[in-house]
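1. What follows is a predicted structure for the sequence shown.
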Amino acid sequence: MRAAARRLRARLGRRGIALVLLGLAKICYGLGFALQPDPNPVGLGLLTRWADLRCWSSVWIVCGAITFGFAWLRVGRDGLGFMAAVVPPIVWGGAYLWGAVLGDYPRGLAIAAWYAIGHVGLILWASGVPEHSVPHPQLRERGR
């Protein structure tokens, strides 16, 4: 079992592991809304004006599947996975921000900030993490 985990970690790398976790989390979040949507979602009026909450949950599921799929590609080809990971939190964070601006949902400002920092910011940071970081070599003392 340990050997399989090591092979999987070597295959995915740092960025791939981040994409797998992000993708699975987005799929689970989307399934939560698809299987049991809130009949009156507070703060998402901008989204529910255009489509049902189940439709918007499919954005989470599709983007999560894309994110998960791109985890298995080599570094340099995984950028679309990070872009797909950013789409749902930007859309939902924007809807909550819009609800706060209109005064429909004052708490939406805090939720929009949470999406911006806790989701988008973290994803953008993870997209910039190099796959392999090599420590600087230590200078050897003379005479050794």
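-> Sure thing, it's come through. Predicted model, so just to flag it, every value in this text is computed and none were measured.

2. any idea how far Leu73 is from the residue lying closest to Phe70 once chain neighbours are set aside?
-> Excluding the flanking residues, the one nearest Phe70 by Cβ to Cβ, 6 or more residues apart in numbering is Gly81, at 2.7 Å. All C-beta atoms are positioned from the backbone trio N, CA, C, and that covers glycine. According to Cβ to Cβ, to the nearest Å, Gly81 and Leu73 sit 7 Å apart.

3. higher neighbour count, these two?
-> A side-by-side neighbour count of Gly81 and Leu73, using other Cβ atoms under 10 Å, places Gly81 first with 26 against 15.

4. Give me the three-state assignment for that one.
-> Counting by DSSP: H, G, I helix; E, B strand; the rest coil, the backbone at Gly81 sits in helix.

5. Does it touch Cys63 like I think?
-> No - Gly81 lies out of contact with Cys63 (Cβ atoms under 8 Å); the separation is 9.5 Å.

6. For the longest helix along the chain, name the packing helices and strands.
-> Using DSSP state H to define each element, the chain has its longest helix at helix 2-35. Contacts defined by 3 or more Cβ pairs under 8 Å, 6 or more residues apart in numbering; DSSP states H and E place helix 2-35 against helix 53-70, helix 79-102, helix 122-127.

7. what comes up buried for the helix or strand of the chain with the lowest mean pLDDT?
-> Least confident helix or strand, the chain: helix 45-48 with a mean of 89, by mean pLDDT, DSSP states H and E. For helix 45-48, a neighbour-count test (16 or more other Cβ atoms under 10 Å) marks Gly45, Leu46, Leu47, Thr48 as buried.

8. returning to what we had before: how big is the angle separating the longest helix of the chain from helix 53-70?
-> 160 degrees (axes from the mean of the first three to the mean of the last three Cα atoms, to 10 degrees).

9. re earlier: determine which of the helices and strands packed on helix 2-35 approaches Arg15 most closely.
-> helix 122-127 (7.1 Å; Cβ to Cβ).

10. Tell me the confidence at Tyr105?
-> For Tyr105, the model assigns a pLDDT of 94.

11. Perfect, that will be all.
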